[in-house]
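**Student:** Would you be able to build a 3D model of this:
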Amino acid sequence: MSDVTGVRRLTAREAIGLVADGFTELPAPTSEYAPDGPLSWHGYDAARSRAAERTGEEESVVCGRARVGGTAAVLISFEFGFLGGSLGERTGDRLEAAYTYAREHRLPVVSLVATGGSRMQEGMRALVQLQRVARQSALTRAVGLPQLAVLRDPTTGGGWATLGAGADVILALPGAQVGFAGSRVRPPDADPASYTAEAQLAAGSIDAVVPPEALPGVLELWLRLLTRPSTTPAPPPPALGRAGLPATGREAVDNARSPRRPRAQAYLDAYFTHRAPISGDRTGGGTYPGTSPDPGMLCGFGEHDGRTIAYAAQTSTATRPAGYRTAARLIRLADQLGIPVLTLVDTPGAANDAEAERQGAGAAIADLFAAVAAARTPLTSLLIGEGGSGGALALAAPDNTWATPDSYFSVIAPELAAAILKRPTEQVTATADELRIRPQDLVELGVVKGVVSPDENE
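**Tutor:** The predicted structure follows:
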């Protein structure tokens, strides 16, 4: 059987073999089931027997313990050849047992999903398995264990709406069908390209599309990062730019706006030995027009001194609503997993065009403020460039924000402050001084803890 790209679909055990070593299958729960299922659907038992003979499996999922690289995990792999990878009561039994085992042994859960949805021959008894799976996922999340999903072809219906879209990190194989509506129940005029992994990535609903040959390494990195949190707060990075402090507010602004000033990418490259990005705000409607989710906010997890620190970094552009929502998602996930967070503040302010307002700019900023305020894991912030009003402050850690010498923070840009006060343009420089926006001013005002210096060893 082939997927939409013409490539043969992997069986459940082939998918396991692609990413894992030393797989040990968990015992299947034993339960009594009525002949032909809860609906007494004529021929259902015979269909199950044919599926078992054809695939060598007794159900549509195979669950077990394995090692992915150096990390032990519980793997759930769907067998699409068994009644379309559909979910029934026996599937629910196996999934519940797998999640329970994961919690008992403090293991992350990795779902290799390929399913057409709930099993029609079991009616509503099949559909309510989604509630059962959602509860197991919630219980696992509550004890701080990560859940990852790899979307194979197809991932539709309840499988997408629970094990797939409900995971903390979502990867997908190229060209996989991904969507709540399966191919046979979509509107006749629906664009098939909208139901693909690539479309879900563009909509901010998954984190990455990964070729099969790269999947073992990518999954290994993710599991390593999500299960080895730093035990101490993130130290602020050393400054990468100029060492001297600005003499005036105007100089502080010019330094921060200089095209030669190091940006977030340079700081992340210097701080982390390995990184894995997350992508998207999971709302499906807040993407940056014409591109993937806001490129002005970089979020993910990285390795610093052998341990994991999460990061959210502005890239000196006006931050879009999707960027704020992605950063809030990152902070909440890091908080759930007990991983410290580093944020890099650098924006002239929040995007304020009409499209940003339609996408809920105010609500997105409020959500990020709330995520920062509620976080129990330690947050560290470094102001590396422009700190433009509330759009910058939303990403700053209260009482643990630092600044580089080539940065500034202001309630409003000096040019806009002068305009509001109806001052002529020649008074912008004086206004910048009055606002006290230099790094050393921010220390005196108690807004930042200190000014970081360049690393003398660099």
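
**Student:** From here on, just use CA atoms for contacts and neighbour counts.
**Tutor:** Noted.

**Student:** any weak-confidence spans in the chain?
**Tutor:** 1-7, 285-292, 456-458 (pLDDT under 70).

**Student:** please redo it, this time with the cut-off set to 90
**Tutor:** Counting by pLDDT under 90, the low-confidence segments of the chain come to 1-9, 22, 30-33, 180-195, 242-243, 281-295, 412-419, 421-422, 425-428, 455-458.

**Student:** what residue is smack in the middle of it?
**Tutor:** Compute the mean C-alpha point of the chain, and by Cα atoms, centre = their mean the closest residue is Ile278, 3.8 Å away.

**Student:** For that one, name its beta-bridge partners.
**Tutor:** Beta bridges link Ile278 to Cys299, judged by DSSP bridges.

**Student:** Am I right that it is in contact with Val169?
**Tutor:** Yes: between Ile278 and Val169 there is a contact under Cα atoms under 8 Å: 7.3 Å.

**Student:** what touches both of those two?
**Tutor:** Residues within reach of Ile278 and of Val169 at once, by Cα atoms under 8 Å, 6 or more residues apart in numbering, are Asp207.

**Student:** about what we covered before: ok, now which ones touch the residue nearest to the centre of the chain?
**Tutor:** Val169, Asp207, Ala208, Cys299, Gly300, Phe301, Leu330.

**Student:** Of all pairs in the residues you listed, which one is the farthest apart?
**Tutor:** Ala208 and Leu330 (15.1 Å; Cα to Cα).

**Student:** coming back round to it: now do the residue nearest to the centre of the chain against Ile412, distance only.
**Tutor:** 30 Å (Cα to Cα, to the nearest Å).

**Student:** Now do the strands in the stretch 351-458 of the chain.
**Tutor:** Taking DSSP state E, counting those that start in this stretch as the test, the strands found in the stretch 351-458 of the chain are 379-388, 401-403, 408-410.

**Student:** Among the ones you listed, which comes closest to Arg250?
**Tutor:** Of all these, strand 408-410 sits nearest to Arg250, with 9.8 Å by Cα to Cα.

**Student:** Off-centre distance for the closest one?
**Tutor:** Centre-to-centre, strand 408-410 and its host chain are 29 Å apart (Cα atoms, centre = their mean, to the nearest Å).

**Student:** For that strand, name the packing helices and strands.
**Tutor:** Helices and strands touching strand 408-410, by 3 or more Cα pairs under 8 Å, 6 or more residues apart in numbering; DSSP states H and E, are helix 249-257, strand 379-388, helix 439-444.

**Student:** And the contacts of it?
**Tutor:** Residues from elsewhere that reach strand 408-410 (Cα under 8 Å, 6+ apart): 252-253, 256, 383, 385-389, 435-439, 442.

**Student:** Tell me the bridge partners for Ala239.
**Tutor:** Note on Ala239: beta-bridge partners Pro454, judged by DSSP bridges.

**Student:** Just give the number of residues close to it.
**Tutor:** Neighbours of Ala239 under the rule other Cα atoms under 10 Å: 21.

**Student:** One more: the one 3 residues further on?
**Tutor:** Arg242: 15 surrounding residues under other Cα under 10 Å.

**Student:** I'd like the contacts of Ile278 laid out as TSV, including distance to Asp406, neighbour count and secondary structure.
**Tutor:** Below are the contacts of Ile278 laid out as TSV (distance: Cα to Cα, whole Å; neighbours: other Cα atoms under 10 Å; DSSP: H, G, I helix; E, B strand; the rest coil):
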residue	distance to Asp406	neighbour count	secondary structure
Val169	35	22	strand
Asp207	33	23	coil
Ala208	34	25	strand
Cys299	23	27	strand
Gly300	25	22	strand
Phe301	26	27	strand
Leu330	27	27	helix
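
**Student:** Of those, which is the nearest to Ala161?
**Tutor:** Distances from Ala161 to these, taken as Cα to Cα, are shortest for Val169 (13.9 Å).

**Student:** contacting residues for the closest one?
**Tutor:** Contacts for Val169 (Cα under 8 Å, 6+ apart) come out as Gln147, Leu148, Ala149, Ile206, Asp207, Ile278.

**Student:** for the stretch 1-150 of the chain, what spans make up the helices?
**Tutor:** Here the stretch 1-150 of the chain has its helices, by DSSP state H, counting those that start in this stretch, at 12-19, 44-55, 89-104, 123-127, 129-142.
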